[in-house]
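Novice: Prediction below, plus the sequence it came from.
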Amino acid sequence: MQRYKFHLFITPIFYEKSFEYGLFGVGRTQMNQIANVHKGNFVFIYTTQKIGSRTKPFIYGPFQVVSEPFFNDEYVWAKDESGKDKYPYRVKIDTTSEHICEKPISAQKLYDLREEGRIKSVIDSSALINKSVINLLPSEGKLILESLVQQNAHGSTKESPKKGHGQKENPFDPKEFLGEGLKEFRLESQLETYLLKNQDELNSLTQFINGNKSQYFTDIYNQVSTYIAGGAVDIIAVYEKNLFDMWLKLGVGVFELKKGVLEADTIDQLIEYIEWTARLFPGIKKEMIQGIVVGRDFGNQENRKKEILAKIDDYDQLYNIVCYTYLVDNNNKIIFNKL
């Protein structure tokens with residue numbers, strides 16, 4: 001069964017450079033957003049252009065991702081104080097050979113589809129300002145692709161020059177820690193990136209995969225925007241299992257990640273995200289969702305741990321919630337412990 005993964009890349013002022021170099025990049029604090037983009041995925045690029053006296057938003061594409069995420073700080077878009085590029089976490093992209101679309105569509109088409117209830121991943125314009133990558137549902141990606149193809153019915157021969165495709169694809173390790181004895185991730189986005197880059201570890205926390213891995217398919221989304229106080233779900237992992245040559249929905253893992261101390265109100269936040277996930281994905285009921293909280297520990301307050309356990313117990317009849325703490329050992333290995 002052919003599956004497609006779509007993303008919306010957001011670069012208000014650097015589209016031309018991205019097209020010229022065949023690259024898209026993000027900064028250090030957003031490495032988690034690029035970590036869930038993989039070779040073979042399809043992307044659209046949201047940007048702005050000046051038309052007369054006004055600046056208007058447009059969407060270009062489709063492009064296909066032709067590399068895994070990598071690190072390279074050669075100058076492409078903008079220099080930092082040291083003269084290196086501000087956006088070193090990158091993927092290589094290319095125009096699609098099947099149908100090249102030279103003309104963009106107005107971003108108004110995206111907003112119209114959202115108003116019709118056919119696009120939910122982009123909840124409002126603020127999501128396009130505060131992010132660099134938005135994961136789209138397959139049905140949403142198809143709608144945007146269809147609009148672009150209709151705008152470019154006869155296709156084009158304008159290919160990306162790919163000036164950046166010779167860049168070395170250096171791997172990057174998100175394991176950067178604060179503290180000496182008791183370590184924690186320096187950034188929450190690094191904890192998220194670690195799980196995205198180590199899917200077996202992520203799967204061990206959801207516990208949906210048992211036995212032959214080839215029977216399972218996992219569709220992962222991250223930084224999923226919600227209407228809840230401008231919040232975003234850190235990770236949503238949708239699991240399917242192949243039985244009798246049929247792919248059946250199995251369950252969903254919804255993650256709320258904290259690099260440091262866990263608080264009781266994190267459980268309330270997770271419950272809101274579980275409710276949102278059940279509304280966002282077709283065919284998903286909240287009974288199928290495993291809510292997962294991950295944090296370093298509870299500080300030195302035993303009462304905080306008891307409060308979290310009591311809250312999980314209170315919600316037990318309505319929601320499936322588990323809590324994990326993580327420990328960084330002397331070899332910088334991450335060890336997760338279930339509460």
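Specialist: Arrived safely, thanks for sending.
Novice: Could you give me the buried positions within stretch 329-339?
Specialist: Residues of stretch 329-339 classed as buried: I334 (neighbour count, 16 or more other Cβ atoms under 10 Å). Placement of C-beta: from N, CA and C, glycine included.
Novice: Please parse this protein into its domains.
Specialist: 6-151, 177-338 (automatic domain parsing).
Novice: Quick one: end-to-end length of the last one, please.
Specialist: Right, the one you point to is domain 177-338. Using Cα to Cα, to the nearest Å, the span of domain 177-338 from its first residue to its last is 21 Å.
Novice: got it, and the shortest one?
Specialist: Using Cα to Cα, the end-to-end distance of domain 6-151 comes out at 19 Å.
Novice: just how off-centre is it within its chain?
Specialist: Between the centre of domain 6-151 and the centre of its host chain there is 13 Å, according to Cα atoms, centre = their mean, to the nearest Å.
Novice: Same check on the longest one?
Specialist: Computed by Cα atoms, centre = their mean, the separation of domain 177-338 from the middle of its chain amounts to 14 Å.
Novice: Ok, which of the domains of the chain comes nearest E159?
Specialist: For the domains of the chain, proximity to E159 was assessed by Cβ to Cβ; domain 6-151 is nearest, at 4.9 Å.
Novice: Quick one: the helices in the stretch 1-150 of the chain, in order.
Specialist: Under the criterion DSSP state H, counting those that start in this stretch, helices of the stretch 1-150 of the chain are mapped to 15-21, 31-35, 108-115, 126-129, 138-151.
Novice: mind listing what's buried in the fourth one?
Specialist: By neighbour count on 16+ other Cβ under 10 Å, the buried set for helix 126-129 is 127-128.
Novice: what about dumping the CA coordinates of that helix to PDB?
Specialist: Output in PDB follows, covering the C-alpha atoms of helix 126-129 (Å, rounded to 0.1, in the frame of the first residue of the first chain):
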ATOM      1  CA  SER A 126      -0.200  32.300  13.900                       C
ATOM      2  CA  ALA A 127       0.800  28.700  13.200                       C
ATOM      3  CA  LEU A 128       2.400  29.900  10.100                       C
ATOM      4  CA  ILE A 129       4.400  32.600  11.900                       C
END
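Novice: State the mean pLDDT of that helix.
Specialist: The average pLDDT within helix 126-129 is 74.
Novice: Now tabulate the domains of the chain in TSV and tack on distance to E159.
Specialist: Converted to TSV, those look like this (distance: least, Cβ to Cβ, whole Å):
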stretch	distance to E159
domain 6-151	5
domain 177-338	30
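Novice: For the stretch 201-339 of the chain, which segments count as strands?
Specialist: Here the stretch 201-339 of the chain has its strands, by DSSP state E, counting those that start in this stretch, at 216-225, 232-243, 246-257, 289-295, 320-328, 334-338.
Novice: Go through the helices of the stretch 1-150 of the chain and find the least confident stretch.
Specialist: Comparing the helices of the stretch 1-150 of the chain by mean pLDDT, the weakest confidence falls on helix 126-129, with a mean of 74.
Novice: Just put the helices of the stretch 1-150 of the chain in a markdown table and tack on distance to F281.
Specialist: Listed next are the helices of the stretch 1-150 of the chain as a markdown table, based on distance: least, Cβ to Cβ, whole Å:
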| stretch | distance to F281 |
| --- | --- |
| helix 15-21 | 30 |
| helix 31-35 | 20 |
| helix 108-115 | 16 |
| helix 126-129 | 17 |
| helix 138-151 | 10 |
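Novice: most packed of these?
Specialist: helix 31-35 (a mean of 25; mean count of other Cβ atoms under 10 Å).
Novice: Could you list every helix and strand that that helix packs against?
Specialist: Judged by 3 or more Cβ pairs under 8 Å, 6 or more residues apart in numbering; DSSP states H and E, helix 31-35 is in contact with strand 23-26, strand 89-95, helix 188-197, strand 216-225.
Novice: same thing but at 7 Å, please
Specialist: Other elements packing on helix 31-35 under the criterion 3 or more Cβ pairs under 7 Å, 6 or more residues apart in numbering; DSSP states H and E are strand 89-95, helix 188-197, strand 216-225.
Novice: and W276, which of the ones you listed is closest to it?
Specialist: Judging those by Cβ to Cβ, what sits closest to W276 is strand 216-225, at 7.9 Å.
Novice: outside of that closest one, which residues touch it?
Specialist: The set of residues that contact strand 216-225 without belonging to it, under Cβ atoms under 7 Å, 6 or more residues apart in numbering, is 32-33, 36, 121, 123, 127, 131, 135, 192, 196, 199, 203, 209, 232-241, 247.
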